[in-house]
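*Asks:* Return a 3D structure for these sequence lines:
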Amino acid sequence: GRVKFRGGRFTKVSSASSKLSRTQLKTLLRRINDDKITLLKDSYQGEDYCGPQMTDMPSEILTITANGKTKSINHYFGCHGEGEIERETTLLSSLTRYIDEVTRSERWSKKN
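*Replies:* Residues are numbered from 1 along each chain as shown. Presented below is the predicted three-dimensional model:
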């Protein structure tokens, strides 16, 4: 249930950590399994995945380690593919919003 945050130049802190409750962790793991997050691509960036992209958009890297396995996904917010890519980036965005909510990550990421 440990959450680690690593920020960049535009965040309040460069690193922080928190711990999820058992209920939050069970909900998160259920979402990861139900949405088949581990089957998503490792990167949503570049024209091979997105087609034409918007430039100068932020990105995030979500890394999940569970049961001895690690999945890391680079999500560039300028990636707006169609069809399957759109479905996958929507799932990824929904999951990261949930993680942000339960960890209250804005306390680390939002600059005053």
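*Asks:* Contacts only, for residue 8.
*Replies:* residue 14 (CB atoms under 8 Å, 6 or more residues apart in numbering). For every residue, glycine as well, the C-beta is placed using N, CA and C.
*Asks:* element containing it?
*Replies:* According to DSSP states H and E, residue 8 maps onto no helix or strand at all.
*Asks:* Residue 5 now?
*Replies:* strand 2-6.
*Asks:* mind saving the C-alpha coords of the helix or strand just after that strand as PDB?
*Replies:* Using DSSP H and E, the helix or strand that follows strand 2-6 in sequence is strand 15-19. Provided in PDB are the C-alpha atoms of strand 15-19 (Å, rounded to 0.1, in the frame of the first residue of the first chain):
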ATOM      1  CA  SER A  15       9.600  13.300  -3.700                       C
ATOM      2  CA  ALA A  16       7.200  12.200  -1.100                       C
ATOM      3  CA  SER A  17       5.500   9.000   0.100                       C
ATOM      4  CA  SER A  18       2.200   7.900   1.700                       C
ATOM      5  CA  LYS A  19       0.400   4.700   2.600                       C
END
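*Asks:* what does the average pLDDT come to for the next helix or strand after strand 15-19?
*Replies:* Using DSSP H and E, the helix or strand that follows strand 15-19 in sequence is helix 22-34. Per-residue pLDDT values across helix 22-34 average out to 90.
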